[in-house]
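Engineer: have a look; sequence and predicted model below, questions after that.
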Amino acid sequence: MDSQPVPIRTTALRFARAVRMLLTSEVGGRARWMFVGLMALLFGLNGLNVVNNYVGRNFMTAIAERQMDEFIRQAVFYVCVFAVLTVTGVIARFVEERLALLWREFMTRRAVDLYLENETYYRVEVSGTLSHPDQRISEDIQAFTVTTLSYIIMLFSSTLTVVTFSGVLWSISPLLFVVAVLYAACGSYMTIVLGRPLIGLNYERLDKEASFRSSLMHVRENAESVMVTGVEGQQRTRLIHRLDDLVGNIRVITAVNRNLSYFTSGYNWMIQIIPDLIIAPAFMRGEIEFGVITQSGAAFAMLVGAFSLIVRQFNSISNFAAVVSRLSSLLEAIEKSRTRGATGVELVKKEGDLVFDHVTLGSTGGHALLHDLSISIPQGMPVLISGSHAAAGAALFRATAGIPTAGTGRITRPNDLLFLPQRPYLPPGSLRQVLLPGDKPDDIPDSRILEVVRGIGLESLACDTHALEKELDREMSLGQQQLLAVAKVLLARPRYVFVDRLEATLGHETFRKVLSLLSENAITCINNGEESDARDLYDAILDCQEDGRWTWTHRQS
């Protein structure tokens, strides 16, 4: 499990890579235009803020000098500037949110593709090098895109503010300008010193939150098993332990935030009084108008705020740094899973027969489960894998499916070979969505689906075409689930299907019927069965012995 953030340099490079990927993608042109429009709106907002600063000065001066006509005129200007600021600000916010959504959609689609490509999801899970990839894809990408765009806008806006209001503040008082720069610099330095631990703490918090949530999900998804086995106490201990870890982490975070808040709160309060302390004496001597005091306070606050981006946003920045680091870890884990040599068995997918060429499979203890297997299974030859060494058949099933298995040799399998594990997997959805092949969902008529479901012995699920739209009952028995998996194979019509202990699940008579249906549809069945399974249903038998030896018996027709 990853427990340490990725180095800052690596994180920064991957951050730049994420931005570059968006700009060079198929949606890059649209993203660039939206970004340019957003920058233009920010220019407008900054210019309006400068105008508003001067209007505010004149407005307050008119009040101090009791000039009613000027007061009304400046009040009208004030309202107009506020109206334009409101409209421009709302449009800018809308464009920012749509650009963030565009970026999130692009990154999430790409992450999902990479995660599901070449069994990466399985290899990452088995390796144990990455915790909670689901959270990183769903939540961290959202936080990354929204926050990145927000920071880019804040940085750009702060730069404009520094450029424009530096001149305003310098024209009022060069001393006040120097004080603003030094005050912001000292404040930023102290904030970094006090808040640096938050980056690592927030990284850990995201993992601990996900760990606690996944434990709760585990209880919900296995509620019946937990109740039957009576392990509520064990699950409670596990949940409380995860909660204690999370609470302990958050307590440290709140302690650091408390110390940081002591400084930032005082820092922000002083911004309000510093310009008055420097400018008010000049007004008292009659050197400036009253409105200049208000103008200098506003300009000082704007300039210090622009310089103090780290002070104002440090909590958010520390969270963002953790998110970037977690996404960087996700990308690194995906890249490593593609290069990691998980098994010595070479798997080749191409048209033709199912061929095992000098395949040797070993257990974790190093003992050979199957030694130097070399056989070819042509289409139309149902095969039973049996014998005294059941683990050998299970290992052969896994290796043929592409699951990392210790061993050597080559397995050449056709592209349309399907697998039926002992415990079938039925994705959520309606009966039609569960049964139809993903590559040709519209090629099979409803009448054919209903015919197959009824023919397999599940008449209750196929009353009429409306039954195909109903959400599949997740409480079906294991036998019913296995029959639905068989129906899915019959609809897909591959040349081969490799099943694991199917007769033990369905019973002899039902399994005999399934084999007959597979044969009628020209689907060759390879069954990893048991020694007691009926052998008269097969054209060939692969017997696996305890010492890794095997025998291949081909029944002559």
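Structural biologist: Sure thing, it's come through. Numbering: from 1, shown residues only.

Engineer: show me where the stretch 451-557 of the chain has its strands.
Structural biologist: All strands of the stretch 451-557 of the chain, identified by DSSP state E, counting those that start in this stretch, fall at 496-500, 524-528, 540-544, 550-554.

Engineer: residues contacting the residue nearest the centre of the chain?
Structural biologist: Centroid-nearest residue in the chain, with CA atoms, centre = their mean: residue 137, separated by 0.7 Å. Listed by CB atoms under 8 Å, 6 or more residues apart in numbering, the contact partners of residue 137 are 108, 111-112, 115, 330. Every residue, glycine included, has its C-beta placed from N, CA and C.

Engineer: name the nearest of those residues relative to residue 433.
Structural biologist: Closest approach to residue 433 among the contacts of residue 137 (CB to CB): residue 112, at 18.3 Å.

Engineer: wait, a helix at the closest one?
Structural biologist: Yes: the assignment for residue 112, made by DSSP: H, G, I helix; E, B strand; the rest coil, places it in a helix.

Engineer: how near is it to residue 21?
Structural biologist: Per CB to CB, to the nearest Å, residue 112 is found 15 Å from residue 21.

Engineer: and what of residue 187?
Structural biologist: Note on residue 187: its distance to residue 21, by CB to CB, is 35 Å.

Engineer: and for residue 53?
Structural biologist: 40 Å.

Engineer: those two: who's more crowded?
Structural biologist: Counted by other CB atoms under 10 Å, residue 53 and residue 21 do not tie: residue 53 has more neighbours, with 19 against 14.

Engineer: next, the buried residues of the helix or strand the more buried one falls within.
Structural biologist: Element membership for residue 53 (DSSP states H and E) is helix 28-64. The neighbour-count check on helix 28-64 (16 or more other CB atoms under 10 Å) flags 31, 34-35, 38-39, 41-42, 44-46, 48-50, 52-63 as buried.

Engineer: swap in stretch 150-167?
Structural biologist: Using 16+ other CB under 10 Å as the test for burial, stretch 150-167 gives 152-154, 157-158, 160-162, 164-166.

Engineer: let's have those residues in a markdown table, adding secondary structure and distance to residue 27.
Structural biologist: Listed next are the buried residues of stretch 150-167 as a markdown table, based on DSSP: H, G, I helix; E, B strand; the rest coil; distance: CB to CB, whole Å:
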| residue | secondary structure | distance to residue 27 |
| --- | --- | --- |
| 152 | helix | 17 |
| 153 | helix | 19 |
| 154 | helix | 24 |
| 157 | helix | 25 |
| 158 | helix | 28 |
| 160 | helix | 27 |
| 161 | helix | 31 |
| 162 | helix | 32 |
| 164 | helix | 33 |
| 165 | helix | 36 |
| 166 | helix | 37 |
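
Engineer: which among these gets closest to residue 532?
Structural biologist: Ranked by distance to residue 532 (CB to CB), the buried residues of stretch 150-167 are led by residue 152 at 67.6 Å.

Engineer: okay but residue 543 is in contact with residue 550, surely?
Structural biologist: Yes: in this structure, residue 543 is within contact of residue 550 by CB atoms under 8 Å, at 6.3 Å.

Engineer: now list whatever residues contact both of those two.
Structural biologist: Shared contacts of residue 543 and residue 550, counting by CB under 8 Å, 6+ apart, come down to residue 387.

Engineer: number of residues surrounding the residue nearest to residue 555 when sequence neighbours are not counted?
Structural biologist: Distance criterion CB to CB, 6 or more residues apart in numbering; nearest residue to residue 555, sequence neighbours excluded, is residue 539 at 5.5 Å. Under the neighbour criterion other CB under 10 Å, residue 539 is assigned a count of 17.

Engineer: could I get the contacting residues of residue 539?
Structural biologist: 380-383, 554-555, 557.

Engineer: and residue 259, by the same measure?
Structural biologist: residue 194.

Engineer: please report the distance of the nearest residue to residue 48 once chain neighbours are set aside from residue 99.
Structural biologist: Spatial nearest neighbour of residue 48, chain neighbours left out: residue 85 (5.1 Å); criterion: CB to CB, 6+ apart. Distance, residue 85 to residue 99, using CB to CB: 21 Å.

Engineer: so for the two, which residue has more residues nearby?
Structural biologist: Legend: neighbour count by other CB under 10 Å for residue 85 and residue 99, higher for residue 99 (24 against 16).

Engineer: the more buried one reaches residue 33, doesn't it?
Structural biologist: No: when contacts are counted by CB under 8 Å, residue 99 is not listed as touching residue 33 (9.7 Å).

Engineer: check which helices and strands the helix or strand hosting residue 77 is in contact with.
Structural biologist: Residue 77 belongs to helix 68-116 when assigned by DSSP H and E. Packing partners of helix 68-116 (3 or more CB pairs under 8 Å, 6 or more residues apart in numbering; DSSP states H and E): helix 8-23, helix 28-64, helix 120-127, helix 141-172, helix 309-339.

Engineer: now the longest one against helix 68-116, angle please.
Structural biologist: It stands for helix 28-64. Per axes from the mean of the first three to the mean of the last three CA atoms, to 10 degrees, the angle that helix 28-64 makes with helix 68-116 is 160 degrees.

Engineer: what average pLDDT does helix 28-64 get?
Structural biologist: Averaged across helix 28-64, the pLDDT comes to 80.

Engineer: again, but for the last one
Structural biologist: For helix 309-339, the mean pLDDT works out to 66.
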